[in-house]
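Participant: here is the input, now give the coordinates:
(one chain, ligands or ions: 2)
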Amino acid sequence: MNLDLNAAWGEEAFPDNETFSVSVSDFDRDGADDVFLLGSHGSALLFRVPTSGPVVRFVGWPQILPRSVELEDTLGTYVTQDRSPPALTDLNRDGHPDIVFSGTNAVHALDWRGAPLPGWPFRMQPRQAVGFTYSNRRLLATVIGSSPLALSLRGRPSVLVASPDGLIYAVDSVGKQVTYTSFDPAQQKGTGMLMSDLSDWPLSMGGISLDTMRSPYVHIALAPLDSANGARALIAQSAAGGLTAWTLAGVAASAADWPFPGGDAGRSFRLDASALGTAVDPVPSASIEEFHLFPSPLRGGIATVHLKLGSPATRARIRVYDLAGKTVKDETLTGLNSGLQPYNRKIDLSHLGADVYSVQCEVSFTTGGKKTKWQRIGVVK
Ligand SMILES: [Ca+2]
Ligand SMILES: [Ca+2]
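Facilitator: Ligands and ions are numbered 1, 2, ... in the order given. I've put the predicted structure just below:
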């Protein structure tokens, strides 16, 4: 099958060395598989596979996701990228597959409409760049470089994330680090000089490397190692050759599992959405559930739109007024989803002086109704 993606990507231009992973699931649950493309520089597109004619992208896509930054050293600037593929799972258990991927200094989880799931992204190093200790132009700081896994841990949807700083984190469905101990008194007899089955999250995988020639990336998978009972173990491989396996307590099979990079042992890169729970879509209502521009106060001039709607809308007109009531910005967004919009809608307010402004958002719903919501935002210089 040959698909022409030009129209679906629109105006987007790619860096020459951007590489893509292809993942498949039925994101909108219409019974047919859809395709998710994720680029190493963050270009991302979700589309339906047409039986004929042009590719139709989903509303909210394409996007440029935060996977690449420009860094600077004394020789000049260079650009990072992350080639690891995403995990597909259903973290919020609404029956629609979600997308979890490693990005710059953080692991992100998006719903199928491209909006961040509540609580995400997860930052393993809140106060410094990932790879701060070893980074150089070959092994780049900020890059996580490892495909996350999805599993059910103690009955809760969870994500495992391997950091090149030598740690494996368990993260819950709202982006919070799991910190409980896996200590089990029955395991105590299995502890000694050569073996330890006592571990707390995060798990340590060799510790931080200070060797700037040694690849720091850690790759993880869940596989049945115990031939007697088929129990799955967590296996972690470092690029330096180390292999470690842990028995995880509380792991149960779930249709939303993504236990291998690539989804399954055959690397099909496909999540079978028909095995997930019935898709739950909220009852549509022509309402603005949440609206604000952030950050507030605004520093740096570029505001991101946070807009959550009760039903799809044809357009949202955003007007910014100064204290005298004069319109200082008037911008219209089109093609809006039900639910939270992706954070790819930005408004340039860099021409505004330091002051307090009123922002009006007027939404025209596809059903014909109109609603407005107000916000006050401070601008600092
Ligand atoms: Ca579909
Ligand atoms: Ca979901």
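
Participant: what about Gly95, is that helix, strand or coil?
Facilitator: Per DSSP: H, G, I helix; E, B strand; the rest coil, the secondary structure class of Gly95 is coil.

Participant: which residue is the nearest non-sequential neighbour of it?
Facilitator: Spatially, and ignoring its direct neighbours in sequence, Gly95 is nearest to Ala279 (3.5 Å; C-beta to C-beta, 6 or more residues apart in numbering). All C-beta atoms are positioned from the backbone trio N, CA, C, and that covers glycine.

Participant: got the residues of the protein near ligand 2?
Facilitator: Applying C-beta under 5 Å from the ion, we find that the chain lies next to ligand 2 at 90, 92, 94, 96, 98.

Participant: go with 8 Å
Facilitator: 89-98, 111-112, 117 (C-beta under 8 Å from the ion).

Participant: what bridges to Arg376?
Facilitator: Beta-bridge partners of Arg376, counted by DSSP bridges, are Ser358.

Participant: and it, what pLDDT?
Facilitator: Model confidence at Arg376, expressed as pLDDT, equals 96.

Participant: run a quick check on it versus Val356, I expect a contact.
Facilitator: Yes. At 5.9 Å, Arg376 counts as touching Val356 under the criterion of C-beta atoms under 8 Å.

Participant: show me the shaky parts of the stretch 151-300 of the chain.
Facilitator: For the stretch 151-300 of the chain, applying pLDDT under 70 flags the ranges 181-199, 206-212, 239-240.

Participant: how about Val171, what does it touch?
Facilitator: Residues near Val171 by C-beta atoms under 8 Å, 6 or more residues apart in numbering: 107, 122, 158-161, 177-178.

Participant: where's it, which helix or strand?
Facilitator: Taking DSSP states H and E as the criterion, the element that holds Val171 is strand 167-172.

Participant: could you list the buried residues of that strand?
Facilitator: Residues of strand 167-172 classed as buried by neighbour count (16 or more other C-beta atoms under 10 Å): 167-172.

Participant: separation between Gly76 and Val69?
Facilitator: 15 Å (C-beta to C-beta, to the nearest Å).

Participant: on that earlier part again, hey, C-alpha coordinates of the strand holding Val171 in PDB?
Facilitator: In PDB, the C-alpha atoms belonging to strand 167-172 read as follows (Å, rounded to 0.1, in the frame of the first residue of the first chain):
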ATOM      1  CA  LEU A 167      17.400   4.000  37.300                       C
ATOM      2  CA  ILE A 168      14.200   2.300  36.400                       C
ATOM      3  CA  TYR A 169      11.100   4.100  37.600                       C
ATOM      4  CA  ALA A 170       7.500   2.900  38.000                       C
ATOM      5  CA  VAL A 171       5.000   5.700  37.300                       C
ATOM      6  CA  ASP A 172       1.300   5.500  37.900                       C
END
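
Participant: thought Val22 was touching Asp34?
Facilitator: No. Contact between Val22 and Asp34 fails when scored by C-beta under 8 Å: they sit 11.3 Å apart.

Participant: neighbour-wise, which of those two wins?
Facilitator: Asp34 (22 against 11; other C-beta atoms under 10 Å).

Participant: find the nearest non-adjacent residue to the more buried one, please.
Facilitator: Nearest one to Asp34, counting by C-beta to C-beta, 6+ apart, is Phe27 at 4.7 Å.

Participant: what's the neighbour count on the one you found?
Facilitator: Around Phe27 sit 25 other residues, with neighbours defined as other C-beta under 10 Å.

Participant: picking up where we left off before, quick one, which of the contacts of Val171 are buried?
Facilitator: When these are checked against 16+ other C-beta under 10 Å, the ones flagged as buried are 107, 122, 158-161, 178.
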